[in-house]
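1. dropping the sequence and predicted coords here.
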Amino acid sequence: MEKALTIGVILPGINESDVQNHLNELDLLLATAGAEVVGRVTQRLSKINTPFFVGKGKAEQIINQAKMLNVNLILFDDELSPAQIKNYHRLADDIKIMDRSGLILDIFQKHAQTREAKTQVDLAFCQYLLPRLTRQWTHLERQMGGIGTRAGMGETQIEIDRRLIRNRISKLKRDLKQIDCERKTQRQRRKNEFRVAMVGYTNAGKSTLFNALTGANVYIQNQLFATLDTTIRQLDLGSSHQALLSDTVGFIRKLPHNLIASFRSTLKEVLESNLILIILDASSSIMDEHLETIREVLCELGASHIPEISVFNKIDLVTNKDLIKRLQRNFPDAVAVSALQHLRLNELKTRILLVMENDY
């Protein structure tokens, strides 16, 4: 198991508690990737330092601490520029340097099962990798395993790999166009159905709720990004009403832009839906931030105009009555459920049916 040291920066206007929450999430991402977090470093900055993101003295301190802890991966919660990653490699000897985006892409690669998901993830990864290609990364030797595999190669080899990656990007784009055409044909067949799309922060319990509502057996795992492929099943809303319910890839804070662009064909299920269910983990202390992230992604996709219902899942885990009252006060139109305990699912179905009868 790889050992990791995580780095968070507290910039003006950002609370330290928020940064700690973000680093907790980074720990979950690393656990999903199969790494162990052995240390955490935070630093207050008035502004980002161009060469190393943090100051040079702090950068050297981070490298020394990593060596003392015997870690082989330093992970920044913020995205590093290609130049910053190269500068760290000059200091870091054999320690790999990654940022949050690189880690998320690595997890997506591990979890991609279908041809569509693999193509989308590979394209996003290649586009992320191309400007960052150093001796740490190599497209051909990444198959060796490990998070952000390092390989020893000279500059000439890097140039060869750049050309290989550019060719790969062109091929993946052509493949995605073909997949998108196939998807479009499938969506055309469903255009007369009332379509409901589930979106939410990763690990909010979307797949559990999907299974509870439809009786399906979608893969469920208590880890981030267990679901990458969109699954569609029939949802019975009473004796004479039915809808199509889709479960999509989870969102996360700072989701790499390339990944959103690559997953557009998958996320078109959301764009072409008649209703969006925003699934939130009611037991999360940063649920409001999760909702903000979801709204940002929906806006980027161009789905802000679609009717929506907020669904507070895992309500059985909320024992604080004041929190329940605050949620009811701040989100009067939301539906609180427990997918795991099958609590109040009929209320959610009734709300979906009301939208269906009013708008469809």
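-> Yep, it's here.
2. show me where pLDDT drops low in the stretch 151-300 of the chain?
-> Counting by pLDDT under 70, the ranges of the stretch 151-300 of the chain that qualify are 151-156, 218-224, 226-229, 265.
3. repeat that for the stretch 1-150 of the chain.
-> For the stretch 1-150 of the chain, residues meeting the criterion pLDDT under 70 lie at 134-150.
4. all the strands of it, residue numbers only.
-> Per DSSP state E, counting those that start in this stretch, the stretch 1-150 of the chain carries strands over the ranges 2-10, 35-44, 73-76, 96-99.
5. nearest to Q341, out of those?
-> Using C-beta to C-beta as the criterion, the shortest distance between Q341 and the strands of the stretch 1-150 of the chain is 31.6 Å, found for strand 35-44. Heads up, the C-betas are built off the backbone N, CA and C, glycines and all.
6. including distance to F225, could the strands of the stretch 1-150 of the chain go into a markdown table?
-> As requested, these are arranged in a markdown table below (distance: least, C-beta to C-beta, whole Å):
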| stretch | distance to F225 |
| --- | --- |
| strand 2-10 | 18 |
| strand 35-44 | 15 |
| strand 73-76 | 16 |
| strand 96-99 | 16 |
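7. got those as TSV, with mean neighbour count and distance to E308 columns?
-> Below are the strands of the stretch 1-150 of the chain laid out as TSV (neighbours: other C-beta atoms under 10 Å; distance: least, C-beta to C-beta, whole Å):
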stretch	mean neighbour count	distance to E308
strand 2-10	21	32
strand 35-44	16	35
strand 73-76	25	34
strand 96-99	25	32
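8. looking at those strands, which is closest to R162?
-> With respect to R162, and counting by C-beta to C-beta, the nearest of the strands of the stretch 1-150 of the chain is strand 96-99 at 19.3 Å.
9. other SSEs contacting the closest one?
-> Packed against strand 96-99, as judged by 3 or more C-beta pairs under 8 Å, 6 or more residues apart in numbering; DSSP states H and E, are the following elements: strand 73-76, helix 82-92.
10. contacts for the last one next, please.
-> Helix 82-92 has contacts (C-beta atoms under 8 Å, 6 or more residues apart in numbering) with 50-53, 59-60, 63, 66, 74, 80, 97, 99, 131-132, 134-136.
11. narrow these to those in helices?
-> When DSSP state H is applied, these are split such that A59, E60, I63, A66 fall in helices.
12. circling back: if any of the contacts of helix 82-92 are buried, give me the ChimeraX selection for them.
-> To isolate the buried subset of these in ChimeraX, counting by 16 or more other C-beta atoms under 10 Å, use the following:
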select :52,53,59,63,66,74,80,97,99,132,134,136
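13. coming back round to it: adding distance to I279, write the helices and strands packed on strand 96-99 out as JSON lines.
-> What follows is the helices and strands packed on strand 96-99, written out as JSON lines (distance: least, C-beta to C-beta, whole Å):
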{"stretch": "strand 73-76", "distance to I279": "28"}
{"stretch": "helix 82-92", "distance to I279": "35"}
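14. point out the most buried one among these.
-> Relative to the other members of these, strand 73-76 carries the highest mean neighbour count by mean count of other C-beta atoms under 10 Å, namely a mean of 25.
15. which of the ones in helices among the contacts of helix 82-92 lies closest to H111?
-> Taking C-beta to C-beta as the measure, A66 is the one of these closest to H111, at 27.3 Å.
16. I'd say that closest one and I95 touch.
-> Yes: counting by C-beta atoms under 8 Å, A66 sits close enough to I95 to count as a contact (5.4 Å).
17. with L323 as the reference, measure out to S283.
-> With the distance defined as C-beta to C-beta, to the nearest Å, S283 ends up 9 Å from L323.
18. in stretch 157-169, which residues are buried?
-> For stretch 157-169, the buried set under the neighbour-count rule, 16+ other C-beta under 10 Å, comprises Q157, D161, I165, R168, I169.
19. okay, those residues in a markdown table with secondary structure and distance to T119 next?
-> A markdown table is the format used below for these (DSSP: H, G, I helix; E, B strand; the rest coil; distance: C-beta to C-beta, whole Å):
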| residue | secondary structure | distance to T119 |
| --- | --- | --- |
| Q157 | helix | 26 |
| D161 | helix | 20 |
| I165 | helix | 15 |
| R168 | helix | 11 |
| I169 | helix | 11 |
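20. coming back round to it: and S283 and L323? Which one has more around it.
-> With other C-beta atoms under 10 Å as the criterion, S283 and L323 differ in neighbour count, and S283 comes out ahead with 18 against 14.
21. if I look at the closest residue in space to the more buried one that isn't next to it in sequence, how far off is Q157?
-> In space, and not counting its chain neighbours, S283 is closest to L317: 3.8 Å by C-beta to C-beta, 6 or more residues apart in numbering. As judged by C-beta to C-beta, L317 and Q157 stand 51 Å apart.
22. what does R166 give?
-> 15 Å.
23. mind listing the helices for the stretch 251-360 of the chain?
-> Under the criterion DSSP state H, counting those that start in this stretch, the stretch 251-360 of the chain carries helices at the ranges 257-262, 264-271, 287-301, 321-330, 345-359.
24. quick one: neighbours of the residue nearest to R295 when sequence neighbours are not counted, just the number.
-> Distance criterion C-beta to C-beta, 6+ apart; nearest residue to R295, sequence neighbours excluded, is S304 at 7.6 Å. S304 sits with 11 neighbouring residues when counted by other C-beta under 10 Å.
25. still on that earlier bit, for L235, find the nearest of the helices of the stretch 251-360 of the chain.
-> Between L235 and those, the shortest gap by C-beta to C-beta is with helix 345-359, which sits at 7.5 Å.
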